[in-house]
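Asks: would you be able to build a 3D model of this:
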Amino acid sequence: MDVVSGSTSAPVGQGRTVRVSGPLVEAGGLAGVTMGEILHLGAGRISAEVVAIEGDRATLQAYEYTGGLRVGDPAQPSGRPLTGLFGPGLLGRAFDGLMRPLTDAPVWLGPERSVEAADAGAEARWRFVPSARVGDTVREGEMLGTVPGAGAVEHRVMVPAGHGGTLTWLAEEGELGTRDHVATVAGREVRLTERWPLRRPRPVRERHSDVAPLHTGQRVLDLLFPVARGAATAVTGGFGTGKTMLLQQIAKWCDADVIVYVGCGERGNEMADVLDDFARLVDARTGGRLMDRTVVVANTSNMPMMARELSIYTGIGIAEYYRDMGYDAVVIADSTSRWAEALREFANRRGELPAEEGFPADLASELAAFYERAGRVTTLGGHDASVTVVGAVSPPGGDLSEPVTTITQRFVRSMWTLDRDLAYARHYPAVHWGGSFARDAEGLARWQAVQGDAEWAARRATALEILAEADRLASLAEVIGVNSLPGRERVIVLGGRLLREAVLAQNALSTNDATCSDRKGAALLDLVLACVDACHAGVARGVTATAIEAVDVGPVLRAAQAVGPDDADGVAAIRERMLATIGGLR
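Replies: The predicted model follows:
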């Protein structure tokens, strides 16, 4: 679908480069250019965006390597902002931050690969199946037809935003090129592919305030710190705490329709692992490859710095495109700290007054603009759909008081804080219950109650209370010894251990434990809480804490891996046997 909203005006006259400082370029003789407009620099047509204008002189941020660009080289305005080409063929492929395809790119990306190379491969042909009828009055966002075989989810060709009216022509079923017209609506042609400015949010009809959970398959998240569909959440932790592994687990097992995985400034070997894993992993939802419903945006640390800054918007633009088709999309951004570092580097080159730790003064507004694009909405076509954003924060040295972490906390609905001690103890996911939060927990508790699980909130509150009390008592036990504690406190310490090891820890390499259904997760938590209650009852009737601690809790600790990912009944059977054992103590 070809959208003309990406255009601004006819390109103005050619200017000349007057200064080059890494990705910062200044060009003169450009009267008439606009903020955000793309210019092509030099013989290699390096893509650069206007970020400041003073008279006929413009400051540009280049999205590619500027080596070889000289003072006096031409600066040609394009007349439009930086746009991406959206259409069939996105799912199952990898792109760089400028939305240039990497799946069939050479090993080394030369400087001659300008942003115009994003159209490379756009000559592929797809079978179009019409669903509307000529003469219908179609609204923006309504479906015109489908493209079979364009990924694991049905690719829907929609009426572009601002293009509603009478459908006067519609292509018949058959093969079409991505540049071909598929329809004419109110005298305007609609193509199979759509151009849309990468930095501009796509319009919706309505944003919802009610919540529904996004199931991640990770018990510590789904049971204690859940995320709602269309919410923004962040994963924060120092080096080696398992952020990338947790993000990959969410991408593999969450119940979203489409995954957009953005590798922003990460190591190339990690992105290679993501591509390899997703290509080999069988998707439990579709039976095909996980990659078939995934788009990877890879802008690793060795790629141009400003393309890294753009990759975040590229990823969320792709997610919004599938959201408008009526799907639930998840954007995983790893990591927003590298994105913020790109903003800091460019601001320093421009000579902007630095704020805290050298970051630009508008860092908070940039982060807010990114996270606010998450949301559960009614699309222009009337679909209920969502974009959920999960951003990783990598504080230097694990310092959670640094600017990116503290600012991010203001704008996200959930924060999953990874703990170095848990990670070093091989407790994964290393999400610490003391430093994490979920602001939508109350709303999600109401949702769970409506779905028939009225005890969800009570289980969560009890588990968090036991974990907090067990942490406090662990510090005391280190001083006086656990055997010196009263019986009730010793049961709390035991309960904290069972919660950590039997419920919250999860083995990503286990067939039974890599993912966990809501039913099994609730059953495991019920198992541990029921055992703790039974132990308290035993202490109350005179059973010694030593006798309780001598009970074999192996079946509890092995329950998660002993039964299948959705086998709540198997967990319930273990629960009955353990309660009988504890109840028989005298």
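Asks: tell me the contacts of residue 169?
Replies: 134, 183-184 (Cβ atoms under 8 Å, 6 or more residues apart in numbering). Heads up, the C-betas are built off the backbone N, CA and C, glycines and all.
Asks: following the host helix or strand of it, which helix or strand comes up?
Replies: For residue 169, the enclosing helix or strand under DSSP states H and E is strand 165-170. Next helix or strand after strand 165-170 toward the C-terminus (DSSP H and E): strand 174-177.
Asks: quick check: buried residues in that following strand?
Replies: Residues of strand 174-177 classed as buried: residue 176 (neighbour count, 16 or more other Cβ atoms under 10 Å).
Asks: and for stretch 126-137?
Replies: Within stretch 126-137, judged by 16+ other Cβ under 10 Å, the buried ones are 126, 128, 130, 132.
Asks: need the pLDDT of residue 123.
Replies: Listed pLDDT for residue 123 reads 66.
Asks: now the one 4 residues further on
Replies: Predicted confidence (pLDDT) at residue 127: the value is 95.
Asks: again, but for residue 434
Replies: In this model, residue 434 carries a pLDDT of 93.
Asks: same question, the one 10 residues further on
Replies: Here the pLDDT value assigned to residue 444 is 97.
Asks: need the three-state assignment for it.
Replies: helix (DSSP: H, G, I helix; E, B strand; the rest coil).
Asks: and for residue 332?
Replies: Applying three-state DSSP: residue 332 is strand.
Asks: what residues are bridge-paired with it?
Replies: For residue 332, the beta-bridge partners under DSSP bridges are residue 261, residue 390.
Asks: surely it touches residue 319?
Replies: No: the criterion here is Cβ atoms under 8 Å, and residue 332 misses it with residue 319 at 9.9 Å.
Asks: residues in contact with whichever strand or helix holds residue 279?
Replies: Secondary structure assignment for residue 279, by DSSP H and E: helix 268-280. Contacts with helix 268-280, where a contact means Cβ under 8 Å, 6+ apart, come from 94, 244, 248, 251-252, 261, 263, 289-291, 294, 296, 298, 300-302.
Asks: okay, strands next: where are they in the stretch 201-350 of the chain?
Replies: 206-207, 213-214, 227-228, 232-236, 258-264, 294-299, 328-334 (DSSP state E, counting those that start in this stretch).
Asks: mind listing what's buried along the fourth one?
Replies: Along strand 232-236, the positions that meet the burial threshold by neighbour count (16+ other Cβ under 10 Å) are 232-236.
Asks: CA atoms of it as PDB?
Replies: C-alpha atoms of strand 232-236 as PDB (Å, rounded to 0.1, in the frame of the first residue of the first chain):
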ATOM      1  CA  ALA A 232       5.600  -1.000  28.400                       C
ATOM      2  CA  THR A 233       8.000  -2.900  30.600                       C
ATOM      3  CA  ALA A 234      11.700  -2.900  31.200                       C
ATOM      4  CA  VAL A 235      14.300  -5.500  32.100                       C
ATOM      5  CA  THR A 236      17.300  -4.000  34.000                       C
END
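Asks: packing partners for it?
Replies: helix 243-253, strand 384-393, helix 403-411, strand 414-417 (3 or more Cβ pairs under 8 Å, 6 or more residues apart in numbering; DSSP states H and E).
Asks: which of the ones you listed is buried the deepest?
Replies: strand 384-393 (a mean of 26; mean count of other Cβ atoms under 10 Å).
Asks: so how far is that strand from its chain's centroid?
Replies: 5 Å (Cα atoms, centre = their mean, to the nearest Å).
Asks: any chance of CSV for the contacts of residue 169, columns secondary structure and pLDDT?
Replies: Converted to CSV, the contacts of residue 169 look like this (DSSP: H, G, I helix; E, B strand; the rest coil; pLDDT from 0 to 100):
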residue, secondary structure, pLDDT
134, coil, 95
183, strand, 96
184, strand, 95
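Asks: so which of the helices and strands packed on strand 232-236 comes closest to residue 559?
Replies: helix 243-253 (19.1 Å; Cβ to Cβ).
Asks: you'd agree residue 522 is up against residue 453?
Replies: Yes: using Cβ under 8 Å, residue 522 is in contact with residue 453, at 6.7 Å.
Asks: more neighbours: which of the two?
Replies: residue 522 (21 against 15; other Cβ atoms under 10 Å).
Asks: contact partners for the more buried one?
Replies: Contacts for residue 522 (Cβ under 8 Å, 6+ apart) come out as 223, 453, 456, 459, 568.
Asks: kindly recompute the last result at 7 Å.
Replies: Residue 522 sits next to 453, 459 when contact means Cβ atoms under 7 Å, 6 or more residues apart in numbering.
Asks: now the one 10 residues further on
Replies: By Cβ under 7 Å, 6+ apart, residue 532 lies in contact with 466, 491, 495.
Asks: mind doing that once more with 6 Å?
Replies: residue 495 (Cβ atoms under 6 Å, 6 or more residues apart in numbering).
Asks: cool, and residue 16?
Replies: Residue 16 touches 28-29, 72, counting by Cβ under 6 Å, 6+ apart.
Asks: direction included, what does the helix or strand containing it pair up with?
Replies: Per DSSP H and E, residue 16 falls inside strand 15-21. Strand 15-21 pairs in its sheet with strand 24-28 (antiparallel), strand 74-81 (antiparallel), by DSSP bridges.
Asks: any idea how far the shortest one is from the chain center?
Replies: Same thing as strand 24-28. With Cα atoms, centre = their mean, you get 34 Å for strand 24-28.
Asks: let's see it as PDB, backbone CA atoms only.
Replies: Taking Å, rounded to 0.1, in the frame of the first residue of the first chain, the C-alpha atoms of strand 24-28 are listed here in PDB:
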ATOM      1  CA  LEU A  24      27.500  14.900  12.200                       C
ATOM      2  CA  VAL A  25      27.400  16.700   8.800                       C
ATOM      3  CA  GLU A  26      26.700  20.300   8.000                       C
ATOM      4  CA  ALA A  27      25.500  21.400   4.600                       C
ATOM      5  CA  GLY A  28      24.900  24.900   3.100                       C
END
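Asks: C-terminal to that strand, what's the next element?
Replies: Assigned by DSSP H and E, the successor of strand 24-28 is strand 37-41.
Asks: could you give the angle of that next one to strand 74-81?
Replies: With axes from the mean of the first three to the mean of the last three Cα atoms, to 10 degrees defining the directions, strand 37-41 sits at 150 degrees from strand 74-81.
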